[in-house]
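Q: how would this look folded up:
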Amino acid sequence: MKTNINQFEQNGHKDLFVKIAALVMVFAFVLGVTLVFLPSSGNVAEAAVLKQGSTGTLVKTMQTKLIRWGYLTGTADGVFGPKTKAAVILFQKRNGLVADGIVGTKTAQAMGISLSSATTTSSSSSASSTDLNLLAHVVYGEARGEPYTGQVAVAAVVLNRVKSSSFPNTIAGVVYQYGAFDCVSDGQINLTPNQNAINAARDALNGWDPTYGCLFYYNPKTATSKWMLSRTVKLSIGNHNFC
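A: Presented below is the predicted three-dimensional model:
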C-alpha cells in the first residue's frame with residue numbers, strides 16, 4: 001500500500017511539474033509575440049512626423065488647411081500622397097521653412113496643428129466667438145485684398161501683442177489701444193468681414209503665425225511714421241512689411 005501511495009504522489013508531482021512547465025512555455029510564447037509586435041523606438045519616432053505614406057485624421061486636417069490656403073486642390077482624403085507632398089513643399093518654401101515635404105515640429109507649428117493628436121491646437125477652443133469676430137473685423141479692415149497668408153499674418157500680429165507684456169493682454173485691448181490700427185481710426189473695422197477674413201482669424205487663433213512673432217506691420221508705400229519706418233523688417237507679405 002505504501003508503495004502505491006508513494007508512486008501516486010510521485011506521479012502527482014510529475015503531473016504538476018508538467019503543468020507548470022507548460023504554463024511557463026505558454027507565457028514565454030505570449031511575451032515573445034507581444035514584444036515582436038510592439039512598436040520599436042524607431043517607429044515611435046517616425047510617428048512624430050507626417051510624410052508621404054502617412055494616413056489618418058491628422059493628415060486630413062492638414063489637407064483641409066492646405067486646400068483652404070490655396071496650396072492643394074481636390075478633397076481632403078486623409079492620404080499623404082505626392083500631391084499633398086508637393087503642397088507641403090510649396091507651403092514650406094513660402095514660409096521660410098526647410099522644403100523637404102515632411103511635416104515635422106516647425107512646419108506643424110506654422111500650420112497650426114499638433115502632431116501629438118488628430119486635432120488642431122487647442123488655442124482656438126479657448127477663444128470666444130467674440131474674439132474670433134473682432135479679429136476677423138481687424139483682418140478685413142486692415143488686409144482685405146492681401147494674400148491669404150498676409151491676412152493671417154495681420155491677425156497673428158494682434159495675438160503676438162496680446163502675449164507681449166508691452167501691450168494689453170486681451171484682443172479687444174490690443175485692437176482698441178489708441179492709434180494702434182488704422183481700421184479703428186477710420187471706421188473700417190465696422191465693415192462686415194468676408195469668409196476669407198474669418199478663416200484667417202481662425203487660423204491665427206489656431207496657432208499659425210507667418211510672421212514668427214512680429215509685433216508690427218506697415219505698408220511702406222503709405223506709412224509716414226519715422227519710428228515705424230526705422231524698425232527692422234523681418235519679412236514682407238503682399239503690401240505689408242512685418243517687424
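
Q: what pLDDT does Tyr71 get?
A: Confidence at Tyr71, expressed as pLDDT, is 87.

Q: contacts only, for it.
A: By CB atoms under 8 Å, 6 or more residues apart in numbering, Tyr71 lies in contact with 87-88, 90-91. Every residue, glycine included, has its C-beta placed from N, CA and C.

Q: which of those are buried?
A: Neighbour counting by 16 or more other CB atoms under 10 Å classes 87-88, 90-91 among the contacts of Tyr71 as buried.

Q: widest-spaced pair of the residues you listed?
A: Maximum pairwise distance in these, criterion CB to CB, is 7.3 Å, between Val88 and Leu90.

Q: quick one: the helices in the protein?
A: Under the criterion DSSP state H, the chain contains helices at 2-37, 41-46, 57-68, 82-94, 105-111, 123-126, 129-143, 148-163, 171-175, 182-185, 195-205, 226-229.

Q: rank those helices by pLDDT, which is bottom?
A: Minimum mean pLDDT among these: helix 41-46, a mean of 37.

Q: got the buried residues for stretch 99-108?
A: In stretch 99-108, counting by 16+ other CB under 10 Å, buried: 101-103, 107-108.

Q: give me the distance from stretch 106-114 to the chain's centre.
A: 3 Å (CA atoms, centre = their mean, to the nearest Å).

Q: ok, stretch 104-117 next?
A: On CA atoms, centre = their mean, the centre of stretch 104-117 falls 4 Å from that of its chain.

Q: ok, residues contacting that stretch?
A: 48-50, 58, 61-62, 65, 88, 91-92, 95, 97-98, 103, 120-122, 203-204, 206-210.

Q: with respect to Met228, which of the contacts of Tyr71 is nearest?
A: Among the contacts of Tyr71, and counting by CB to CB, the member closest to Met228 is Phe91, at 29.2 Å.

Q: distance check, that closest one against Asn190.
A: Separation of Phe91 from Asn190 (CB to CB, to the nearest Å): 33 Å.

Q: and for Thr211?
A: Applying CB to CB to Thr211 and Asn190 gives a distance of 25 Å.

Q: between the two, tell me which one has more neighbours.
A: Set Thr211 next to Asn190 and count neighbours by other CB atoms under 10 Å: Thr211 wins out with 25 against 10.

Q: isn't that one right up against Ala156?
A: Yes. Under the criterion of CB atoms under 8 Å, Thr211 makes contact with Ala156 at 5.3 Å.

Q: domains in the protein, by residue range?
A: 2-38, 57-119, 125-242 (automatic domain parsing).

Q: one step back: quick one: the contacts of Tyr71 as TSV, columns for distance to Gly78 too.
A: Below are the contacts of Tyr71 laid out as TSV (distance: CB to CB, whole Å):
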residue	distance to Gly78
Ala87	14
Val88	15
Leu90	20
Phe91	18
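
Q: which of the residues you listed sits closest to Leu235?
A: Nearest member of the contacts of Tyr71 to Leu235, counting by CB to CB, is Phe91, at 15.1 Å.

Q: on that earlier part again, and the contacts of stretch 104-117, which are buried?
A: Here, 16+ other CB under 10 Å leaves 50, 58, 61-62, 65, 88, 91-92, 95, 97, 103, 120-121, 203-204, 206-210 buried among these.

Q: residues in contact with Ala223?
A: Ala223 neighbours (CB under 8 Å, 6+ apart): Leu229.
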